[in-house]
Structures are given as C-alpha cells and as structure tokens.
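In: after the sequence you'll find the predicted model.
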Amino acid sequence: MKKVLLAILGILIILGAILLIKTYTYPFKKNTSGSGEGWKPVKNDSAVMRLSGGIKIPTVSTGSLGEFNYAPFGLFKEYLKNSYPLVYQNTEYVEVNQYGLVYRLKGSNPKLEPILFLSHMDVVPPGDADIKNNEENVFRPNDKPSEPVAKVAEDWDYAPFSGAVANGRIYGRGAIDMKGMLFSLMESMNNLIKNKQTPQRDIYLAFGFDEEVGGQKGAIQIADYFKKKGLKFDAVYDEGGLIMRKGNVAGVDADVAVVGCAEKGFLSAKIKVKGLGGHSSMPPMESAIGKAAVIMQRLEDDQMKPVITPLIKEFFTNIGGAMPFTTRLALANQWLLKPVLISQLTKNNTTNALVRTTTALTMMKGSDGTNVLSPEVEFVVNFRLLPSNTVKDVREHIAKATKGFDVEVEEIDNTREASAVSPTNTKAFKLIEAGVKEIHPGAIVSPYLTMAGTDAGKYEIVSKNVYRFMPIKINSSEQQSIHSTNEYLSIENYLKMIHYFEYLMKNYDK
C-alpha cells in the first residue's frame, strides 16, 4: 500500500511539474504596451458641432426590409454635403439605391488595391425613457468632463435627438452607433484633402442606411455595386470591437482593444406547437402550451456544444499573459484542463457567448383568454452561431428539440451563416494595432469574435480582410447604452477616433 501511495505521489509531483512548465513556457503574448496617454486631442469645436448637428437628424430605421420614413435620410445627405464641401469636391461620389453613400479618394498608385471604411447613418428608436433636460441647442464644449457612467442610466440627460454637447460629452441616439464613426471618417478624409496628403492607394468610404434592420437595401447593394465594378479591397474596416477600459474585461488589469475578425451568424425560428384547444374547464392531459414548454426546456437544457475556436484561442493567448496565474494555468494546459476551462467559461453569459452558439427564447404567444385553451402556441428562439457551427447544424438541433411534437418551424428575419475569420498576420490588422498604440499606448490589442451583426459581413465578396473595430475607450455601462438610454460619446473619444482613422489613411503604405 505504501508503494502505491508513493507511486501516486510521484505521479502527482510529475503532473504538477508538467503543468507548471507548460504554464511558464506557454506562448502568451507579451504585453509590450507603452505608458502614458498617447496622442492628446486638440480642441476642435467645429468637428464636434458637425457631429452634434448630424445627431439632431432622426434617421431611424425600423420594421422589416427597410420600410421606414426616408425623409430624414434625405436631410442627412444634404447635411453632409453642406458640412464637408471639400470631400464632395475632391472625391468621386456615388449614391447607391438613393441613400447609400460612397466616396472615392484617388490614390497615387492605381495598381494597389484600395481600402474601404464603413459606417451607417441609421439609428434605432430612442425609446420612451424620461428626459431630464429638454433645453434646446446645448453646446458647451468647454465643460469639465464628467466621469464615465458607472451604471446604465434610466433617463436621458438630454433629448435623444438634441445633439447636446455638455459635460465633455456629445449626447444622442447614434452618438456611438454609428454617427460618431461616420463623422470621424468624414473629418479624417477632409483633413487629408485639406492638408494635400494624397494616399498611395484609393480610399473608399461607404455608408449604409438600414444596418439596424439587416442592411438589405443598403450594405448588400453597395457591396454588390463594388463587385460589379470588379473592385477588390486590401482591407475593409467597420464597427464591431471597442477598447474596454481596465477592469471591464474580467481578470485583465489593462485596457483591452478587441478587434472583431469574425462575427456570429444568426437564425431566428418561430416554432408553432399544435395541440387541443377548447374551454379550460375540460383541459386535455397535455396542452399546446405545455408541449411548447417542454420544447423550450429542451432548447435551454440541451444547448449546442461549446467549442474554443482558433480565433478565441488566439484571443486568450493575447490577453492571458495579463490574467491571474490560475487562469493562465488552465489556458496553458487545455490538454488536461479543457473541460474545467469550458465549464467555467459557460457559467458566465459573456464568456459563454464566446464559446457557444447561444440560444435565446425571445417571444411567445398563446391564448387571448384566461379560460381559453389555444390550439396553437408559438414562440421564437434566436441563435447566434459560432464560426464553427452552420445554419444546417442549428436546423438539425431544432429538429431534435421538437421531435415527437406536431410543430411548424419558420425562419424569420435574416438567417445568415457566421462570417469567415479574417487573418491577423496582415498589414491591415497590424495597422490597427499601431493606430491603437498611437492613441492608447497601454491597451492590449487582440482579435475577437463580434457577437452582434454588422454590415461588415456583406463585404466579404470584395475582401478577405474584414475587421470590425471602433477606437473608443469605454466601460461596460457605456457600452450598454448603445441601443439603450442616454447614449453619449465623449468629446475625447470622438477627437481620438478622428485622429485614429486619419492615422490609418496616411500610414497604410508607410
């Protein structure tokens, strides 16, 4: 018995040594981040005012297939023309499907593939939260900046289409998503023209107008326009990632710039479950709503298998060096500890979404009466697909969950596969890293998986290098204001974003 115990102890010592050696020799990316604030914003009240004016135009997209009020979009087009005459005078300007805007700034070397920057002018509805201050034409760019919010606001500080500038912030629906990026791109291109800085390769800007409802009339048709012209882009840059403030990525004591090199796919299924209807005084042994409940429980209990994809493995390798020892131990020894690692990742809703095609039950409809049994109950389940899963996989998963029941399954909204994964060993990605270091030297830059849908995926037909990143540093509460209440963009973030995009445009071929 003593020999057995000694043998077990010896095995444990050897195993412990292997775990430690692998942890200390694992190729976690060394954080070579610099210190200091990086490029410091230069006061530019004119640029701030132009963005403020753009936010005041309520370019709201709602409904399916882009059926909404287009009058504000016409006003927005005219506002851009009046705000940036140099851009319109010095670029080739094209309108695609009336409201899609495309600008081409010619470079000095037509043999080089162009680069493309994206944004969109539409915004989601502002909601009906209360407004604290209804004062109009608030423009106080010299206010002392307030600290970033620590929780999601219940009310709007200023009206959602006021474009108010106060407290070091630019308030309004679309300030972050995505008019801040749209105007920063226009400002950057305007600065290049004004300073007579001709890039080597052509630079394109393309702005959609229905991204929030799927991009069917905007981005898809703009991308098709480029394809028909035979254009291939060396890089496409769009929204998708952000710079998360230190403390907002669990376990990482640094700012983290997450660059979306892929985005999840999408499938929403309306499942109609049939049963016996009638009066509630004589109910059947199993109602339609009871059957629906069983299916929904199956979908939540038996979700699609979690997987650490190569992209997420690279993400953990990049940030792992700044994480606690126990986390590094698990990441470096997945040959043994992967089940433990995945178990921990799937316990948190944020990290669970990184490693799994997620399942979300979102809508349900049954009887309209308290004493009426509906013969049919319907509910909606939304899946966000990992790049390792396909639409076919999800359809089979739904079929398994509904087996044994009389159901009809209808896919609603825009079903799409997960995007391709763009490489990180490209000039286009390395320039993102350099651009981030220019404005935030202390940030860790890493590839990432974008959870939400963007216009970027539509442009895979014209480029293999598609990156989703907006260079603004925010915390999780500010991030949650997107599509929610009291959305704002700090003046500092806006001015740094202008500089970042100008840096990319000027330095792409240096």
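Out: Looks like it came in fine.
In: SS state for residue 119?
Out: Classification of residue 119 by DSSP: H, G, I helix; E, B strand; the rest coil places it in strand.
In: residue ranges for the strands of the stretch 351-500 of the chain, please.
Out: 358-365, 372-373, 376-385, 407-416, 444-450, 466-468, 473-474, 488-490 (DSSP state E, counting those that start in this stretch).
In: what lines up beside the third one in the sheet?
Out: Pairing partners of strand 376-385, with direction, according to DSSP bridges: strand 265-274 (antiparallel), strand 358-365 (antiparallel).
In: nearest to residue 121, of these?
Out: Ranking the strands paired with strand 376-385 by proximity to residue 121 (C-beta to C-beta) places strand 265-274 first, at 22.1 Å. In this view, the C-beta of every residue, glycine as well, is placed from N, C-alpha and C.
In: and the strands of the stretch 351-500 of the chain, which one is worst for confidence?
Out: Out of these, the stretch the model trusts least by mean pLDDT is strand 372-373, with a mean of 86.
In: can you list contacts of it?
Out: Here strand 372-373 makes contact (C-beta atoms under 8 Å, 6 or more residues apart in numbering) with 275-280, 283-284, 287-289, 367.
In: show me how to select, in PyMOL, the buried members of those.
Out: Filtering the contacts of strand 372-373 down to the buried ones (16 or more other C-beta atoms under 10 Å) takes a single PyMOL command:
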select buried, resi 275+287+288+289+367
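In: about what we covered before: nearest to residue 171, of the strands of the stretch 351-500 of the chain?
Out: strand 488-490 (4.7 Å).
In: helices and strands around the closest one, which ones?
Out: Here strand 488-490 touches strand 169-171, going by 3 or more C-beta pairs under 8 Å, 6 or more residues apart in numbering; DSSP states H and E.
In: list the buried residues of the strand it packs on.
Out: 169-171.
In: what's the answer for stretch 229-249, then?
Out: 231, 233-246, 248-249.
In: of those, which belong to strands?
Out: Within the buried residues of stretch 229-249, membership in strands is found for 235-238, 243-244, as judged by DSSP state E.
In: can you show me the helices along the stretch 351-500 of the chain?
Out: 391-401, 427-439, 476-480, 491-507 (DSSP state H, counting those that start in this stretch).
In: lowest mean pLDDT across those, which one is that?
Out: helix 476-480 (a mean of 94).
In: beyond the least confident helix or strand in the chain by mean pLDDT, next helix or strand please.
Out: None of the helices or strands of the chain scores lower by mean pLDDT, DSSP states H and E than strand 278-279, at a mean of 67. As assigned by DSSP states H and E, the chain's next helix or strand after strand 278-279 is helix 288-301.
In: contacts for that following helix next, please.
Out: 271, 273-277, 359, 361, 364, 366-367, 373-379, 381, 398, 401-402, 405, 407.
In: at 7 Å instead, please
Out: With C-beta atoms under 7 Å, 6 or more residues apart in numbering as the test, helix 288-301 has contacts from 271, 273-275, 359, 361, 366, 374-377, 379, 381, 401-402, 405.
In: most neighbours of all these, which one?
Out: residue 273 (26 neighbours; other C-beta atoms under 10 Å).
In: take the buried residues of strand 169-171 and write them to TSV, including pLDDT and distance to residue 466.
Out: Shown next, in TSV, are those (pLDDT from 0 to 100; distance: C-beta to C-beta, whole Å):
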residue	pLDDT	distance to residue 466
169	98	31
170	98	28
171	98	31
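In: so which of those comes closest to residue 319?
Out: Nearest member of the buried residues of strand 169-171 to residue 319, counting by C-beta to C-beta, is residue 169, at 28.8 Å.
In: and that closest one, how close does it get to residue 478?
Out: Going from residue 169 to residue 478 by C-beta to C-beta, to the nearest Å gives 10 Å.
In: kindly report the same for residue 42.
Out: 23 Å.
In: so between those two, which is more surrounded?
Out: residue 478 (25 against 9).
In: where does pLDDT dip in this protein?
Out: For the chain, the stretches with pLDDT under 70 are 32-36, 64-65, 278-279.
In: longest helix of it?
Out: helix 2-25 (DSSP state H).
In: how about that one: buried residues?
Out: 19, 22-23.
In: now for that helix, which elements pack on it?
Out: helix 325-332 (3 or more C-beta pairs under 7 Å, 6 or more residues apart in numbering; DSSP states H and E).
In: let's see that with 10 Å instead.
Out: helix 325-332, helix 334-345 (3 or more C-beta pairs under 10 Å, 6 or more residues apart in numbering; DSSP states H and E).
In: from residue 311, how far out is the spatially most central residue of the chain?
Out: Geometric centre of the chain, nearest residue: residue 240, 3.1 Å, by C-alpha atoms, centre = their mean. According to C-beta to C-beta, residue 240 and residue 311 sit 13 Å apart.
In: mutual contacts of the two, please.
Out: Counting by C-beta atoms under 10 Å, 6 or more residues apart in numbering, the contacts common to residue 240 and residue 311 are 260-262, 448-449.
In: deepest of the strands paired with strand 376-385, which one?
Out: Across the strands paired with strand 376-385, the average number of neighbours (mean count of other C-beta atoms under 10 Å) peaks for strand 265-274, which reaches a mean of 20.
In: now the angle between helix 391-401 and that one, please.
Out: 30 degrees (axes from the mean of the first three to the mean of the last three C-alpha atoms, to 10 degrees).
In: between strand 265-274 and strand 407-416, how many degrees?
Out: 160 degrees.
In: using CSV, list the CA coordinates for strand 265-274.
Out: Provided in CSV are the C-alpha atoms of strand 265-274 (Å, rounded to 0.1, in the frame of the first residue of the first chain):
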residue,chain,number,x,y,z
GLY,A,265,-24.2,34.0,-37.6
PHE,A,266,-27.9,34.5,-37.0
LEU,A,267,-31.0,32.3,-37.1
SER,A,268,-34.4,33.2,-35.5
ALA,A,269,-37.0,30.5,-35.7
LYS,A,270,-40.7,30.8,-35.0
ILE,A,271,-41.9,27.5,-33.7
LYS,A,272,-45.7,26.8,-33.8
VAL,A,273,-46.8,24.0,-31.5
LYS,A,274,-50.2,22.4,-32.1
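In: circling back: out of the strands paired with strand 376-385, flag the one nearest residue 387.
Out: So among the strands paired with strand 376-385, strand 265-274 is nearest, using C-beta to C-beta, at 7.9 Å.
In: check the offset of that closest one from the chain's centre.
Out: On the basis of C-alpha atoms, centre = their mean, to the nearest Å, strand 265-274 sits 23 Å off its chain's mean C-alpha point.
In: same question, stretch 56-65
Out: 19 Å.
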